[in-house]
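>>> Attaching a predicted model along with its sequence, questions to come.
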Amino acid sequence: MEARATLKYARISPRKVKIVLDLIRNQDADKAMAILKFTPKSACEYLEKLLASAMANAENNHDMDVSKLYVAECFACPGPILKRIRAKDHGRAHRILKRTSHVTIVLKERED
């Protein structure tokens, strides 16, 4: 039995999200939430809400025990890239790539 939560089109680069996901992978859900709360990265805001959503899904939809949950899988895939232009010297223009992410967190119960 597993509970999952997905965040689509988050306006943050997947590379930045993966750094934080590596910190919480295979951790207990409560410990993962504490890690996200005290890590000074911009991705933590998105992931904190996503983890809370996954925990709520586990409790309400699948009748799982919240105290036994752990982060079984977590991954970030690239979403669509917003392409913008910035003016440069001598009438030139340079492209700015504003990347987006699709993030998924899967929680499972420990078998103790």
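Happy to help now that I have it. Residues are numbered from 1 along each chain as shown.

>>> any idea how far the residue of the chain most remote from its centre is from Arg84?
Using Cα atoms, centre = their mean, the residue of the chain lying farthest from its centre is His90. It sits 40.7 Å away. Look at His90 and Arg84: by Cβ to Cβ, to the nearest Å, they are 20 Å apart. All C-beta atoms are positioned from the backbone trio N, CA, C, and that covers glycine.

>>> and what of His102?
Separation of His102 from Arg84 (Cβ to Cβ) stands at 20 Å.

>>> Backbone dihedrals for the residue farthest from the centre of the chain, please?
His90 adopts backbone torsions of phi 60, psi 30, taken as degrees, to the nearest 10.

>>> can you pull the pLDDT of it?
The per-residue pLDDT reported for His90 equals 96.

>>> can you give me the strands for the chain?
Secondary structure of the chain by DSSP state E: the strands cover 2-10, 69-78, 82-87, 93-98, 101-109.

>>> ok, the closest residue to Thr104 other than its chain neighbours - contacts?
Distance criterion Cβ to Cβ, 6 or more residues apart in numbering; nearest residue to Thr104, sequence neighbours excluded, is Thr6 at 4.9 Å. Going by Cβ atoms under 8 Å, 6 or more residues apart in numbering, Thr6 touches 50, 102-104.
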